[in-house]
Every structure is written in C-alpha cells, then in structure tokens.
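Participant: got a structure for you, letters missing:
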C-alpha cells in the first residue's frame with residue numbers, strides 16, 4: 001500500500017522514466033510511477049511476466065551493444081540494480097560496470113535527464129560503536145560491499161549528470177519476513193548480534209522516497225533513506241514476540257546493559273526535511289503490516 005503524499009505530481013505526470021533493475025524495489029516503483037502518469041521503461045535481464053502499463057525490456061547492463069533496445073530521451077533514470085550474490089565480482093558488475101555503462105548511454109542519449117537516482121547503501125559507513133551517522137559523516141568502509149558502493153557513488157557524482165544518491169538502510173516488507181521467522185524461534189542470535197543496532201526501511205517507503213525526490217526540483221545530491229527508529233536486534237525481537245500470540249518468552253531479558261552496542265544509528269533528518277513523510281515510521285508499524 002502506498003499512502004505517502006504525492007499530490008503534487010506535475011513533474012512526474014507525462015514524464016519518461018527508465019528504471020534499471022526491476023526486482024523487489026524496482027518493480028514496485030515502476031508500478032507506482034506508471035500509476036502517477038509517467039511512461040515507464042523497466043530493465044531486467046529476463047522478464048518471465050511483463051507487467052501491464054510498463055515497457056519491459058530484456059537487457060543485460062553489462063552488454064552495452066544491446067542498449068539500442070532503449071529509446072533514450074528519458075526525463076528520469078533510477079538505478080536500483082542488485083548484485084547476483086555476495087561476491088566482489090558480482091558487486092563490481094552490478095554497481096560499477098553496469099552503472100558506468102548506463103551513465104555512458106545517458107550522456108549520449110539523455111544528457112538532459114532531470115535526475116538520475118542511484119540506490120546505494122548505508123554499508124558505506126564504517127562506524128560500529130552505536131554512534132549516529134548522517135550525510136556528512138565520514139565513510140571508510142572496511143567491507144568490499146561498502147567500498148564498491150562508495151566507488152559507485154563517486155562515479156555517478158563525477159559524471160556531470162544531475163543526480164541524487166540514496167543510501168538505503170536494510171530493506172524489508174512483504175515477502176521479506178526473515179526477521180519475523182527468526183524471532184519466532186526459527187533461527188538463533190549471537191549475543192553480539194542481539195546488541196547490534198540495525199537500521200531499516202520498508203519497501204513502500206523506498207519507492208515513496210524515490211518518487212518524492214523525482215517529483216522535487218530541489219532534491220539534494222545525497223540522502224540517507226531509513227526509518228525513524230534505529231533499534232537493536234533484541235528490541236525488534238521483543239516487539240515481534242510481544243505482539244505474536246505464538247510468541248516464545250516475551251518477558252525474557254535479551255539485552256545485558258554491560259554489553260557495548262555495535263552498529264550505527266542512521267539519522268534521517270535530511271530525508272524528513274525534504275518533505276517526505278514515512279508510511280511506516282518505525283519497524284513496529286512495518287512488521288505489523290509485512291506478513
């Protein structure tokens with residue numbers, strides 16, 4: 001369900017939008033933008049079912065020789081490709097080579113693009129002591145996913161295209177219920193994991209924020225995309241068990257005060273100041289509706 005306020009849709013209405021990567025977020029976004037009056041072209045390597053109202057193109061972004069399947073002259077481009085697996089090669093293909101190929105295409109065929117949005121990740125932040133991070137915080141990622149994401153951000157920022165980068169927190173929503181299942185006893189948690197602060201955002205808010213920024217003539221170059229309730233894994237488990245009639249031990253103490261926090265707290269102040277209002281402000285609303 002999309003209930004965020006997008007009443008001022010004059011920019012999106014009648015526009016031409018290219019969405020590269022139509023998976024969990026991209027396909028829902030394509031449906032939303034099409035419903036708002038944009039002519040949407042959506043790319044994935046192989047479509048098994050083609051959604052109505054959307055121009056679905058079979059295209060591998062690593063094969064620029066086939067980019068002639070795209071018409072060009074797009075008003076908006078959204079790059080939300082996902083890596084095939086968690087290997088360095090897969091990440092480089094998805095977030096560097098594919099992105100570089102589409103940037104080259106855009107510069108040649110859609111240099112007038114009004115906004116090019118890249119969906120990055122909060123993995124670019126290295127902080128692991130429970131501190132708060134925002135768009136100005138230092139980024140020195142130690143893992144290859146974070147390093148590659150940061151390289152991709154710099155690639156787009158240096159392209160000369162009008163662009164916005166969104167560093168999304170962990171994305172959840174319908175069909176992504178692993179935390180719910182684990183909280184119900186179908187998985188174990190280490191003590192370190194229980195004390196790790198997680199940041200998350202519902203899929204509908206990912207799509208809502210992208211639509212909102214496309215519809216804004218004054219969007220900033222960089223945003224954190226996260227809900228308003230960073231929380232430890234233990235806090236999330238307690239909430240899920242507490243509302244679940246099949247809960248395990250809802251009163252159990254999962255957190256010991258003597259253990260130091262891990263992870264980071266993502267500050268979404270800039271996102272909220274842009275005028276976007278979260279559909280699911282916290283994991284409490286989100287996990288209630290995600291099953």
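Facilitator: Yep, that arrived. This structure is a prediction, so every number in the text was calculated from the model and none was measured. Numbers count the residues shown, from 1 in each chain.
Participant: ok, so what distance separates residue 73 from residue 13?
Facilitator: Going from residue 73 to residue 13 by CB to CB, to the nearest Å gives 17 Å. All C-beta spots, glycine's among them, are computed from the backbone N, C-alpha and C.
Participant: Quick one: low-confidence residue ranges for the protein.
Facilitator: Scanning the chain for pLDDT under 70 picks out 1-9, 186-187, 243-259, 289-291.
Participant: residue boundaries of the strands in it?
Facilitator: 16-20, 39-44, 55-58, 76-79, 115-121, 132-133, 163-168, 170-172, 196-198, 200-202, 222-225, 231-232, 262-263, 265-266 (DSSP state E).
Participant: and those strands as TSV, adding distance to residue 28 and mean neighbour count?
Facilitator: Shown next, in TSV, are those (distance: least, CB to CB, whole Å; neighbours: other CB atoms under 10 Å):
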stretch	distance to residue 28	mean neighbour count
strand 16-20	10	25
strand 39-44	11	23
strand 55-58	14	16
strand 76-79	12	27
strand 115-121	13	23
strand 132-133	27	18
strand 163-168	14	23
strand 170-172	11	19
strand 196-198	22	20
strand 200-202	11	26
strand 222-225	15	23
strand 231-232	24	20
strand 262-263	27	20
strand 265-266	22	23
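Participant: Any idea how far apart the tips of stretch 204-223 sit?
Facilitator: End-to-end distance for stretch 204-223, by CA to CA, to the nearest Å: 17 Å.
Participant: coming back round to it: now render the strands of the chain as CSV, adding distance to residue 283.
Facilitator: CSV is the format used below for the strands of the chain (distance: least, CB to CB, whole Å):
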stretch, distance to residue 283
strand 16-20, 27
strand 39-44, 29
strand 55-58, 33
strand 76-79, 25
strand 115-121, 18
strand 132-133, 18
strand 163-168, 15
strand 170-172, 8
strand 196-198, 8
strand 200-202, 6
strand 222-225, 15
strand 231-232, 6
strand 262-263, 14
strand 265-266, 13
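Participant: and stretch 138-147, how far apart are its ends?
Facilitator: Stretch 138-147 has its terminal residues 13 Å apart, counting by CA to CA.
Participant: Give me the contact list for it.
Facilitator: With CB atoms under 8 Å, 6 or more residues apart in numbering as the test, stretch 138-147 has contacts from 86, 88, 91, 121, 123, 124, 125, 126, 149, 150.
Participant: Can you tell me the closest non-neighbouring residue to residue 101?
Facilitator: Once flanking residues are discounted, residue 101 sits nearest to residue 64: 4.6 Å by CB to CB, 6 or more residues apart in numbering.
Participant: no, scratch that, I was asking about residue 37
Facilitator: In space, residue 37 comes closest to residue 13 once its chain neighbours are excluded; the distance is 3.9 Å by CB to CB, 6+ apart.
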